[in-house]
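Chemist: sequence first, predicted coordinates after that:
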Amino acid sequence: MTTILKQNPLRRGLIEDRTGDACALVIFGASGDLTRRKLMPAIYNLGLSRSLPSGFAVVGVARKERTNEQFRAGMKESVAQFSRRKPIDPALWTDFERGLSYVSGSFDDPSTYQHLKTQLEDVDKERGTRKNRLFYLAVPPSEFATIVGNLKDAGLVADAAAERSGGPWTRIIIEKPFGHDLQSSRDLNECIASAFAESQVFRIDHYLGKETVQNLLVFRFANSLFEPLWNREHVDHVQITVAEEIGVEGRGKFFEETGVTKDIVENHLMQLLCLTAMEPPISLSADAVRDEKVKVLRSLRRMEPSMVRECVVRGQYGRGFVKGEDVPAYREEPDVASDSTVETYVAMKVHVDNWRWGGVPFYVRAGKRLPRKVTEIAIQFKKVPHNLFAAPDGGISQNVLAVRVQPDEGIALRFTTKEPGNATVLRDVAMDFRYGTAFGSNTPEAYERLLLDAMRGDATLFTRRDEVEEQWAFADPIFDAWREQPVPPPIYPAGTWGPERADDLLSRDGRRWRRP
Amino acid sequence: MSNFPSTAPSSLRQAASARVIARLQNELRDLWKPSEDSTAPPPTRVCTMNIEVVAPTTELLERYAPVIDEVTASIPARAILASIDPNTITDNEITGTTTAVCSSVESGTKMCSERITLACRGDAAARAASAIEAFLVPEIPTALVWLGRVHVDDPIFEDLATDANRIILDSEYTSIASVIQVAAWARQQHNAPDIADLAWTRIAAWQEMLARFFDDAETLPLASKITRIVMKQACEPGARIGPETALMLGWIGTRLGWKTSRLAGALRFKRPDGANVTVELSSVSRPKGVAPQALAALAIEAGDNPRKPVLRGSIERELASGLADLTGTTVDADVMVWKCAKTGGAEIEQRIRLGANKAAKWLERTLHRPPRDIAFAESVAFAEHIVEDGLTAT
């Protein structure tokens, strides 16, 4: 009797941490900051966690002339400096660095890709990478088209259909920004689609690699307690905050072209909103989850110019104090115009026009030079229908469920209780769950999780083309309205929670921002 | 502490036990009273599970307490450690202490777990289960770690095991036979607790590394054509097969659908296609710090012709190769070397580092694993045949 195996029988029921598929990871922009600070430490940590496949290699590609030895030495230095686990394990590094190699050349020179092809063939033979390729574009978006076109011309992109029939696979990871408006994102997607099928494209949003963001799905759909309350019947409103205490940190030129709305709201914040508002997916497959997120994006009420004026507040930080330190105004930052009208703060009232959320406003805000770094989603529940307690201190507060994404990742539930004593005095208390205390704090970096997922072909935590385009379709009318009425954003002092108008946005509705 | 003589009437002794428990519960409450120093940051109390640890002697329990303290630093829990010694005739009482075991977290705050240590001697041993249960935090899972020999007809074991969600043993110290007995007992229970064996957790990395040989579409068909397996364990020649080796072989056999049979009393392994698999067990010397009978190496051959295998793979643990980290050298955080050679292809080699082979590490990892593991239950049953047969290392 001959047994025909379709799946590795030794993987059946294996609980040990999953590994990636054998592959060669090709990093374009291998001499850049992202590679040094994030990618290489993440790959090394995957190796330490035994998550790298046995057949694995990294090929760095950049313009700078370098030998393999110089590339390895540079990467070792980066890992030593930026790895979350130190020091470098010499026994493992020796083996790890044998899999590192470097190809120098210009991205627009076809010969670069021929060298790369030869190098990958050698790597397949020596490292057992099985002709599987994971291309990582750690380069500015202006380079994407050139690289994608040359990869295709050099025959370095395998047919997606071949993968489905068990052949070698090719995948590409790209970093945001995915365009600067709807049209440019469509152009970019078209350009990538000219060489890669959508199933081969992994658009990385590192926010989705964070534990708490992933836990949102578990929290919502693995607990019977919350989901029945997660709708317009019980929720008064939702607040999503992405606050940073830092300024533009030397990225003045970049920020002048983007502003906080394109840098944070259009991607990270929209993703948080989707995970909060989405319906239960039919499964946890990448497309099932992303289908539900797209439905949320399509449900967002598009903003007419008058609605932008009413529901969107911009701001720009002036001089002020953050953590007791003097900080300069945005316009005093390097590479920033002295009359810049770029927003460093934005707050919006967003409507999700669907059955679940009809009439429930989502107030979202993001800003720089705010009093503290915090990202959180707060579900504010409705008041009790009738107040039984004539409490001397103002009565009953609304219950709040706060999901803290960073720092101190966790979940807190605020509710009202009676203070001990003869009088009925009500007090708010919080049940507080923190990841760091409950499970220890040495959790993987977002890039580790996302790289591993890409190696395994799991796109759940990556953004799909239609998601990106829907995000821009929502954001574009806001930018159009701002362009049509170029009013400089109001200045808020650094170290405060944004301009006063942002408070008005909620106070008009009888609500106020949380102070997270 | 109670001073009732052992001859005191049973009701008085029980009242003494109740007083001890009441005192310990008061002490637990006192642990969390606000500090008199108003500037001191309050410690954070966290509890995600109950961990009951039962040992036959106080000495063993004392040796194990640091293990539990290390575990609760990463899995905050209420730890209830009990030594139960019914044979002590000079003492018939329950005594105990409480303490907060704290560790600092990133933000500088202290994260604390509670540890309750009980000693139940003489007649008091019979009341041990009820004393332990008095300290369980409700509504969270309970893991029972049984350190000594285990007998399923022991009423203390039965009382504690019935209420536990998970029973954790280490077949290296008990035996696979004990694990099998406990698993059989659990199957008869209405709400059966899950059974875990630390030896099974220790071989998890081996399982994953072995699976890698057959991940490639080209080598996948060879999983059903394994012709020879050589396993090495750290022991003297002539020693019986150890729990890790037996469980590993059990796991391979059950995953690949092998059957065992006997020929002239000798154990044989057959693949589903009826072909024989040669299984060899040999010994390697055991360096200091390495557990007796630890699995040290595994090699496989696969192909249509046993004399000309097309795939040769090996996983070798460099015993006691150690890891010099920031805290010094951790003996036994060994390197594993994985090698794979296929006819006509280059040999692929990868080195990985095992986590430190510490009791706390294995217990922590076991507690993190999903409680229900069908592969474990099947592998234990398969390993039973191997152990019964008395396979010995050459």
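Modeler: Nice, I can see it. Numbers count the residues shown, from 1 in each chain, chains lettered A, B, ... in the order given.

Chemist: where do the strands sit along the stretch 1-150 of chain B?
Modeler: B:44-45, B:49-55, B:77-85, B:94-104, B:110-121, B:142-146 (DSSP state E, counting those that start in this stretch).

Chemist: quick one, which of these gets closest to chain A.
Modeler: Chain A sits nearest to strand B:110-121 of all the strands of the stretch 1-150 of chain B, at 4.7 Å, using CB to the nearest CB. For the C-beta atoms, the positions are set from N, CA and C on the backbone; glycine is no exception.

Chemist: the strands of the stretch 1-150 of chain B: lowest mean pLDDT?
Modeler: Of all those, mean pLDDT reaches its minimum on strand B:44-45 (a mean of 68).

Chemist: kindly reformat the strands of the stretch 1-150 of chain B as CSV containing distance to A:Ala145.
Modeler: Converted to CSV, these look like this (distance: least, CB to CB, whole Å):
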stretch, distance to A:Ala145
strand B:44-45, 52
strand B:49-55, 54
strand B:77-85, 55
strand B:94-104, 50
strand B:110-121, 50
strand B:142-146, 56
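
Chemist: out of the ones you listed, nearest to B:Val182?
Modeler: strand B:142-146 (8.4 Å; CB to CB).

Chemist: how about A:Ala161, secondary structure?
Modeler: Three-state assignment for A:Ala161 (DSSP: H, G, I helix; E, B strand; the rest coil): helix.

Chemist: what is the burial count for it?
Modeler: Using other CB atoms under 10 Å in any protein chain shown, A:Ala161 has 10 other residues around it.

Chemist: on that earlier part again, tabulate the strands of the stretch 1-150 of chain B (TSV), appending distance to A:Pro168 and mean neighbour count.
Modeler: Below are the strands of the stretch 1-150 of chain B laid out as TSV (distance: least, CB to CB, whole Å; neighbours: other CB atoms under 10 Å in any protein chain shown):
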stretch	distance to A:Pro168	mean neighbour count
strand B:44-45	50	17
strand B:49-55	45	24
strand B:77-85	47	25
strand B:94-104	47	18
strand B:110-121	47	23
strand B:142-146	44	24
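
Chemist: just send those strands back as JSON lines, with distance to chain A too.
Modeler: Below are those laid out as JSON lines (distance: least, CB to the nearest CB, whole Å):
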{"stretch": "strand B:44-45", "distance to chain A": "6"}
{"stretch": "strand B:49-55", "distance to chain A": "10"}
{"stretch": "strand B:77-85", "distance to chain A": "10"}
{"stretch": "strand B:94-104", "distance to chain A": "9"}
{"stretch": "strand B:110-121", "distance to chain A": "5"}
{"stretch": "strand B:142-146", "distance to chain A": "16"}
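
Chemist: just checking, what packs against the helix or strand hosting B:Val387?
Modeler: Element membership for B:Val387 (DSSP states H and E) is helix B:374-389. Secondary-structure packing of helix B:374-389 (3 or more CB pairs under 8 Å, 6 or more residues apart in numbering or on different chains; DSSP states H and E): helix B:176-187, strand B:194-197, helix B:243-255, strand B:259-263, strand B:266-270.

Chemist: any idea how far the closest residue to chain A within the stretch 1-150 of chain B lies from A:Leu10?
Modeler: At 4.2 Å from chain A, B:Ser74 is the closest residue in the stretch 1-150 of chain B, using CB to the nearest CB. B:Ser74 sits 29 Å away from A:Leu10, going by CB to CB, to the nearest Å.

Chemist: after the lengthiest strand in chain A, which helix or strand is next?
Modeler: As assigned by DSSP state E, the longest strand anywhere in chain A is strand A:312-322. Counting by DSSP H and E, the next helix or strand C-terminal to strand A:312-322 is strand A:325-327.

Chemist: which residues sit against that next one?
Modeler: A:247, A:319-321, A:369, A:494-495 (CB atoms under 8 Å, 6 or more residues apart in numbering or on different chains).

Chemist: filter the residues you listed by proximity to chain B?
Modeler: With CB under 8 Å from any CB of the partner chain as the criterion, the contacts of strand A:325-327 include none near chain B.

Chemist: of the residues you listed - the most surrounded one?
Modeler: That'd be A:Arg369 among the contacts of strand A:325-327, by other CB under 10 Å, with 30 neighbours.

Chemist: tell me the phi and psi of it?
Modeler: Note on A:Arg369: its backbone torsions stand at phi 60, psi 40 [degrees, to the nearest 10].

Chemist: wait, it touches A:Ala243, no?
Modeler: No. Taking contacts as CB atoms under 8 Å, A:Arg369 lies outside contact range of A:Ala243: 9.4 Å.

Chemist: could you report the pLDDT at the nearest residue to B:Trp185 once chain neighbours are set aside?
Modeler: Spatial nearest neighbour of B:Trp185, chain neighbours left out: B:Val152 (4.0 Å); criterion: CB to CB, 6 or more residues apart in numbering or on different chains. pLDDT, B:Val152: 88.

Chemist: which SS class is B:Val152?
Modeler: B:Val152 is classified as coil under three-state DSSP.

Chemist: what's the answer for A:Ser340, then?
Modeler: Secondary structure of A:Ser340, per three-state DSSP, is coil.

Chemist: next one: A:Glu233
Modeler: coil.

Chemist: and it, how far from chain B?
Modeler: 28 Å (CB to the nearest CB, to the nearest Å).

Chemist: any figure for the gap between that residue and A:Val400?
Modeler: Taking CB to CB, one finds A:Glu233 at 17 Å from A:Val400.

Chemist: cool, and B:Ile80?
Modeler: 35 Å.

Chemist: what does A:Phe144 give?
Modeler: 42 Å.

Chemist: and for B:Met209?
Modeler: 48 Å.

Chemist: looking at those two, which is more packed in?
Modeler: B:Met209 (23 against 18).

Chemist: quick check: which element contains that one?
Modeler: helix B:204-212.

Chemist: C-terminal to that helix, what's the next element?
Modeler: strand B:226-234.

Chemist: restrict that following strand to CA atoms and write it as PDB.
Modeler: This file holds the C-alpha atoms of strand B:226-234, laid out as PDB (Å, rounded to 0.1, in the frame of the first residue of the first chain):
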ATOM      1  CA  ILE B 226      11.400   6.400   6.900                       C
ATOM      2  CA  THR B 227      13.600   3.300   7.100                       C
ATOM      3  CA  ARG B 228      15.700   3.900  10.100                       C
ATOM      4  CA  ILE B 229      15.800   6.100  13.200                       C
ATOM      5  CA  VAL B 230      18.700   6.400  15.500                       C
ATOM      6  CA  MET B 231      18.100   8.000  18.900                       C
ATOM      7  CA  LYS B 232      20.700   8.900  21.500                       C
ATOM      8  CA  GLN B 233      20.100   9.600  25.100                       C
ATOM      9  CA  ALA B 234      22.500  10.900  27.800                       C
END
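
Chemist: buried ones in stretch A:486-495?
Modeler: For stretch A:486-495, burial by neighbour count (16 or more other CB atoms under 10 Å in any protein chain shown) applies to A:489-495.

Chemist: right, I mislabeled it, should have said stretch B:22-35
Modeler: So stretch B:22-35, judged by 16+ other CB under 10 Å, has buried residues B:24, B:27-28.

Chemist: hmm, who's touching it?
Modeler: B:42-43, B:45, B:96-100, B:112, B:114, B:116, B:134-135.

Chemist: good, we can wrap up now.
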